[in-house]
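Novice: Just need the structure, nothing else, for what follows:
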Amino acid sequence: MAKKITKPDVLKPETRLVTAAREFAEHGAVNPAVYHASTILFPSVEAFQAHSQPYVYGRRGTPISRALERAISETEGGYDTRVCASGLAAITTALLSFLKTGDHLLVTDAVYGPIRHFCNSILKRYGVEVTYYDPAIGSKIAELMRAETRIVYTESPGSQTMDMQDIAAIADAAHARQALVMLDNTWSAGYYFKAFEHGCDVSMQSGTKYMGGHADVMLGSVTCTKEAWPAFREGFGTLGQFAGPDDMYLTLRGLRTLDVRLDRHMKNALILAEWLRSRPEVAEVLHPGLPGARGHELWKRDFTGASGLFSVVLKTPSRDAMAAMLDGLELFGMGDSWGGYESLVVPFDPRRLRSATRWTHEGQCLRFHIGLESTDDLKADLEEGFKRLNAAG
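Specialist: Numbers count the residues shown, from 1 in each chain. Down below sits the predicted model:
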């Protein structure tokens, strides 16, 4: 069994990624075993009735789930964590754990699309009122809060359009009115942005993205402060949430290399973002880590790094020209999700997912995820794409 680190707080972040929760491994193995378990046996009636042993039922936790949860908690800097079968499941479970009929929920207008749908369907059906707000609102969120406002939901940078939020200012305003602050922290992988240091009560991630890192995992995580933990733990257990043991194992393995992978994603993405900004076909590059881009000053103040995800607004309003560009790309796949080792690009229309703010650009929008390939090769692939775009007019 690996030795438990006695003073993890004094270690550098990259060291903590490698050493976190290693004590769950046994028999000299570096990694913990994968536990496929439903029934867990008790030695006596007394033990069964008291549930006095560490593991009582597969859905209530196994050594592999505890190892992953411990490692995520250390990475995020939170009190404790539970994992769900997807990022969407993690976020919806967290919301349901804290909300009740009659509550009011404030949600950033740049929210991930499926969460908007969940708010407008399930939460509406159960009598939770949702108000969408301008992501740039900052401390003025106080003007939208009511006596029944329970949660302020944030996502920074926001889905697709990469809107940055002043999380600390929002948290101060929310806490002054006894509301919780929840953050979708997937873009930073909980590594480049420390949610709890900036006032968040709940930090959620899609482990499908950078924690897994290889486009082969479905998993989500919810990490809480000590004060928020009891309510979430109750909701998590009551809703029967859990994740598959193989995906837990792969996510824990992915966490060990998160530092080096994210660093390469960041460097590659900034190289491509700068190059794209120089292209005559591009109206704007939406990447908060790029100097001069929208949200850069907030990113520089609050984040220690960037990931590989950003967006681009083309000058052309022609869907056919955009399609000609994308359809012939060889190194950029076209598909949902991101965070794996491969580069991706998808078109999107922000106007379909806005209600509190207006999207004024007329050009086609593309979301890029820059993988671990050579940036020279990626540029060459895009160069050919721009030739097709220009030829299509």
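
Novice: Mind jotting down where the helices sit in the stretch 251-393 of the chain?
Specialist: Remark: helices assigned in the stretch 251-393 of the chain by DSSP state H, counting those that start in this stretch are 258-277, 296-302, 319-327, 375-392.

Novice: List the contacts of residue 145.
Specialist: By CB atoms under 8 Å, 6 or more residues apart in numbering, residue 145 lies in contact with 106, 152, 173-174, 177, 179. In short, each C-beta sits where N, CA and C put it, glycine included.

Novice: Go again with 10 Å.
Specialist: Residues in contact with residue 145 (CB atoms under 10 Å, 6 or more residues apart in numbering) are 104, 106, 131, 152, 173-174, 176-179.

Novice: What distance do you get for it to residue 134?
Specialist: If you measure residue 145 against residue 134 using CB to CB, to the nearest Å, the figure is 14 Å.

Novice: and what of residue 66?
Specialist: 40 Å.

Novice: what's the answer for residue 12, then?
Specialist: Distance from residue 12 to residue 134, by CB to CB: 37 Å.

Novice: Looking at the two, which one has more neighbours?
Specialist: Using other CB atoms under 10 Å as the criterion, residue 12 and residue 134 rank with residue 134 on top: 16 against 8.

Novice: Could you find the closest non-adjacent residue to that one?
Specialist: What sits nearest to residue 134 in space, not counting adjacent residues and going by CB to CB, 6 or more residues apart in numbering, is residue 357, at 5.2 Å.

Novice: where does the residue most central in space within the chain fall, helix, sheet strand or coil?
Specialist: What sits nearest the mean C-alpha location of the chain, by CA atoms, centre = their mean, is residue 186, with 1.5 Å. Classification of residue 186 by DSSP: H, G, I helix; E, B strand; the rest coil places it in coil.

Novice: Was I right to think it contacts residue 309?
Specialist: Yes - counting by CB atoms under 10 Å, residue 309 is a contact partner of residue 186 at 9.0 Å.

Novice: any residues in contact with both of those two?
Specialist: 159, 209-210, 338-339.

Novice: Can I get those residues in CSV including neighbour count and pLDDT?
Specialist: Converted to CSV, the shared contacts of residue 186 and residue 309 look like this (neighbours: other CB atoms under 10 Å; pLDDT from 0 to 100):
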residue, neighbour count, pLDDT
159, 24, 88
209, 25, 98
210, 27, 98
338, 26, 97
339, 30, 97
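
Novice: Using JSON lines, lay out those residues together with distance to residue 296.
Specialist: Converted to JSON lines, these look like this (distance: CB to CB, whole Å):
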{"residue": "159", "distance to residue 296": "18"}
{"residue": "209", "distance to residue 296": "22"}
{"residue": "210", "distance to residue 296": "21"}
{"residue": "338", "distance to residue 296": "21"}
{"residue": "339", "distance to residue 296": "22"}
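
Novice: how about the residues you listed, which pair is most distant?
Specialist: Across the shared contacts of residue 186 and residue 309, the longest distance by CB to CB is 15.1 Å; it joins 159 and 210.

Novice: mind listing the strands for the chain?
Specialist: Per DSSP state E, the chain carries strands over the ranges 80-84, 104-108, 129-133, 149-155, 180-184, 202-206, 220-224, 282-286, 309-314, 344-348, 365-369.

Novice: can you pull out the helices in the stretch 51-200 of the chain?
Specialist: Counting by DSSP H, counting those that start in this stretch, the helices of the stretch 51-200 of the chain are 63-76, 87-98, 113-118, 124-125, 167-175.

Novice: Please enumerate residues in contact with the shortest one?
Specialist: With contacts defined as CB under 10 Å, 6+ apart, helix 124-125 is touched by 118, 130.
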